[in-house]
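Trainee: Would you be able to build a 3D model of this:
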Amino acid sequence: MSTRLRIAAAAAAALTLAPAVADAAVKPTPDYYNLEYVADVSYRHVRETDDADNKEVTTASFHLRGEEDRVEVLDGQLHGPFSVRGMIVTDASARFASTTEGGTDETCSGDEVGSYRHGSLFPGRPAYGWPANEMALAPFMYVEIPMTCSDSDGGSGTSRVSLSTFSPRTNRPAPSRFHIRLKLPEAGVKKGSRGIEWSLRRSDSGKRDCPGRDYYTRVCTTTVDGWLRLTPAKPPKQRRGRAPSARGTR
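Mentor: I've put the predicted structure just below:
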C-alpha cells in the first residue's frame, strides 16, 4: 500500500473512532439543591450507684436550624460530604441535680448556648452500613450549654452539658446516636418545585453511645424531631477563563 493510501486509511479510522471517544467523554450532569432543616434535640442521662443511695439526673434541650446552598447530587448519590455552615442553636436549656438519701447535694442550671459546631451531610457508603442512594444528616457536631451550680453546703461553681456526634468513619452499621438516614429520590426533582421533604425523627435509649456514659449510667435517652427539605437550585456559575494575550506573538 502506498504512503498516500496508508494516510487516507488512518484518517478514516480516526473519523470512525471519534464519535465513540466523544460519547465516552460525556459525563452525567449533577443536580443541585438548597438544604434547609429544623430540629428539636433533647437529652436525659441518669446515673445511680448500685445501692441507689446516690443519683444524678442531667437533662438538656435546644432548637436547631440549618441551611446550606448547592448541595450536589450525582446519579442519585450525594456528592459530598457537605458541611452545614448556616446553622444556629437557640432555646437552649440544661439542668443537673444530684441527690442522696439525706436530700439534695447539688443543682445546676443554664439557659444559654456556650459554643457549637455546624452539622454535616454524609453520602451513603457500604462501609457505613447503608447503600449509596441514601445519605445521613448529623444536625449538629457539637453543642455545649454552660451551667451555674450551688450545693447543700452553700458553695457555688460552674459545670456544662456537652453533646457531640461524629463522622461515620468506621464499619459500624450505626454511624452515631444523632445521625438520621434519608433515602434520595431515584430521579432528579424538577426545578421550580417545592423539592423533597423528610421528617427528622430519631430516638435512642442505648447506653453504649450515651454522651458521658460510664458504669453508673442507668438511663440515657436522646431524641431528634424535625424536618429537612432539599429544594432544586441553579448550578454554580462557571468562571470564564481569559483568552491568552496576543502580546509578543507574531
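
Trainee: quick one: Glu144 and Pro211 touch, right?
Mentor: No - distance between Glu144 and Pro211: 11.1 Å, which falls outside the contact criterion (CB atoms under 8 Å). All C-beta spots, glycine's among them, are computed from the backbone N, C-alpha and C.

Trainee: Now do the shared contacts for the two.
Mentor: 162-163 (CB atoms under 8 Å, 6 or more residues apart in numbering).

Trainee: Mind naming the longest strand for the chain?
Mentor: Looking across the chain with DSSP state E, the single longest strand is strand 55-74.

Trainee: Now the next helix or strand after that one: average pLDDT?
Mentor: Sequence order places strand 77-78 as the next helix or strand after strand 55-74, per DSSP states H and E. For strand 77-78, mean pLDDT is 84.

Trainee: Let me see the residues that make contact with strand 77-78.
Mentor: Contacts for strand 77-78 (CB under 8 Å, 6+ apart): 71-72, 121-124, 132-133, 135, 184.

Trainee: Now do it: distance to the chain's middle.
Mentor: 14 Å (CA atoms, centre = their mean, to the nearest Å).

Trainee: Partner strands of it and their direction?
Mentor: strand 55-74 (antiparallel) (DSSP bridges).

Trainee: By mean pLDDT, point me to the weakest helix or strand of the chain.
Mentor: helix 3-25 (a mean of 50; mean pLDDT, DSSP states H and E).

Trainee: circling back: most neighbours out of the contacts of strand 77-78, which is it?
Mentor: Highest neighbour count within those: Met135, with 25 neighbours (other CB atoms under 10 Å).

Trainee: packing partners for the helix or strand where that residue lies?
Mentor: Here Met135 is covered by strand 134-138, with elements defined by DSSP H and E. Judged by 3 or more CB pairs under 8 Å, 6 or more residues apart in numbering; DSSP states H and E, the packing partners of strand 134-138 are strand 119-123, strand 180-183.

Trainee: counting contacts, what elements does the host helix or strand of Ser159 pack onto?
Mentor: For Ser159, the host element (DSSP H and E) is strand 156-164. Identification of packing neighbours for strand 156-164 by 3+ CB pairs under 8 Å, 6+ apart yields strand 31-48, strand 55-74, strand 86-100, strand 103-110, strand 142-151.

Trainee: Nearest to Arg194, out of these?
Mentor: For those, the distance to Arg194 is smallest for strand 31-48, at 11.5 Å, taking CB to CB.

Trainee: Next, the angle from that closest one to strand 86-100.
Mentor: 10 degrees (axes from the mean of the first three to the mean of the last three CA atoms, to 10 degrees).

Trainee: For strand 31-48, list every residue counted as buried.
Mentor: Within strand 31-48, the residues scored as buried using 16 or more other CB atoms under 10 Å are 31-39, 41, 43-45, 47-48.

Trainee: do the same with stretch 53-69
Mentor: 55-62, 64-66, 68.

Trainee: Adding pLDDT and distance to Asp153, write those out as JSON lines.
Mentor: JSON lines is the format used below for the buried residues of stretch 53-69 (pLDDT from 0 to 100; distance: CB to CB, whole Å):
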{"residue": "Lys55", "pLDDT": "93", "distance to Asp153": "19"}
{"residue": "Glu56", "pLDDT": "95", "distance to Asp153": "17"}
{"residue": "Val57", "pLDDT": "96", "distance to Asp153": "20"}
{"residue": "Thr58", "pLDDT": "96", "distance to Asp153": "21"}
{"residue": "Thr59", "pLDDT": "97", "distance to Asp153": "24"}
{"residue": "Ala60", "pLDDT": "97", "distance to Asp153": "26"}
{"residue": "Ser61", "pLDDT": "97", "distance to Asp153": "29"}
{"residue": "Phe62", "pLDDT": "97", "distance to Asp153": "31"}
{"residue": "Leu64", "pLDDT": "95", "distance to Asp153": "38"}
{"residue": "Arg65", "pLDDT": "96", "distance to Asp153": "41"}
{"residue": "Gly66", "pLDDT": "95", "distance to Asp153": "43"}
{"residue": "Glu68", "pLDDT": "92", "distance to Asp153": "49"}
